[in-house]
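Enquirer: Everything below, folded, please.
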Amino acid sequence: MRPNWELKNCCNHDQVVFLVTVAVCAVVILALWRTILLKPFKLVTVFLHETSHAIACKLTGGDVEGIQVHADEGGTTQTCGGIYWLILPAGYLGSSFWGMVLILASTNLLTTRIAAGCFIVALHVVLIIAENWTLWGLCMGFVVFLGVVLILQETTEVRILQYIILFIGVMSSLFSVYGIYDHLISRRVHSSDAEKFAEICPCPCNGVGWGAIWGLISLLFLCGALYLGLVILS
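Expert: The predicted model follows:
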């Protein structure tokens with residue numbers, strides 16, 4: 001079937017459910033942003049951020065010496081070699097990209113299962129290079145959590161896997177945008193990725209400028225996820 005890129009006759013029942021669910025996820029996330037209830041999901045988005053740095057390092061010929069995720073929602077990735085000016089923006093942009101992937105995966109049960117399986121595999125891989133107990137506990141906790149959700153999905157009438165994957169996708173997208181705003185616009189953190197990038201980039205743009213650019217790209221990823229999700233469901 002030819003993709004409905006023009007979104008003619010939008011929106012059918014599945015498209016409406018998709019948009020409403022994304023909106024509900026966004027409202028819940030923003031309403032509970034500073035509560036402990038979102039702490040595990042925030043740490044997962046930090047995990048995606050740091051993993052994106054690690055992937056960029058490996059793809060550009062470097063070595064990953066370790067990854068840490070801290071209870072205060074910070075994180076670090078120790079790298080050696082690679083192309084530094086590609087590794088730095090990969091954190092924010094990578095987590096936005098993975099958010100888009102997870103949102104799109106949630107539109108179909110098969111792709112949701114694949115996304116959950118890949119997520120579990122990634123958590124196992126990171127366990128090997130985890131350098132602190134927070135990251136180790138986070139990985140183990142979400143491996144168990146997603147495993148239980150998968151078992152419930154396949155053996156009972158509890159069908160929440162797609163909603164969990166969608167929620168993590170929306171969380172990752174929003175956390176990336178908020179992180180850029182919080183670190184670079186509302187309060188300037190001089191050790192941020194964007195500030196470091198501004199120091200090595202010859203372009204006449206400071207950290208706030210690069211943060212704004214990355215934030216715009218992150219928003220485009222989120223909008224792209226919504227559009228492509230509607231196309232898939234049309």
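Enquirer: mind listing what's buried in stretch 19-33?
Expert: Using 16 or more other CB atoms under 10 Å as the test for burial, stretch 19-33 gives 19, 21-22, 25-26, 29. (Glycine included, C-beta is placed from N, CA and C.)
Enquirer: got it, and stretch 197-213?
Expert: Neighbour counts using 16+ other CB under 10 Å place 197-198, 207-208, 210-213 of stretch 197-213 among the buried residues.
Enquirer: Show me the strands in this structure, by range?
Expert: 63-69, 75-80 (DSSP state E).
Enquirer: Let me see the residues that make contact with the shortest one.
Expert: Strand 75-80 is contacted by residues 46-47, 49-50, 53-54, 57, 62-70, 87, 91, 131, 135 when judged by CB atoms under 8 Å, 6 or more residues apart in numbering.
Enquirer: Pull out the buried positions in the helix with the most length in the chain.
Expert: Longest helix of the chain, by residue count under DSSP state H: helix 207-233. By neighbour count on 16+ other CB under 10 Å, the buried set for helix 207-233 is 207-208, 210-215, 217-218, 221-222, 225-226, 228-233.
Enquirer: State the mean pLDDT of that helix.
Expert: If you average the pLDDT over helix 207-233, you get 89.
Enquirer: Work out the gap between that helix and the centre of the chain.
Expert: Between the centre of helix 207-233 and the centre of its chain there are 12 Å (CA atoms, centre = their mean, to the nearest Å).
Enquirer: Summarise which helices and strands it is packed against.
Expert: Other elements packing on helix 207-233 under the criterion 3 or more CB pairs under 8 Å, 6 or more residues apart in numbering; DSSP states H and E are helix 13-31, helix 84-105, helix 161-181, helix 193-200.
Enquirer: What is the neighbour count of K196?
Expert: Around K196 there are 17 other residues, counting by other CB atoms under 10 Å.
Enquirer: Enumerate every residue touching the closest residue to it other than its chain neighbours.
Expert: In space, K196 comes closest to L88 once its chain neighbours are excluded; the distance is 5.7 Å by CB to CB, 6 or more residues apart in numbering. Contacts for L88 (CB under 8 Å, 6+ apart) come out as 53, 193-194, 196-197, 200.
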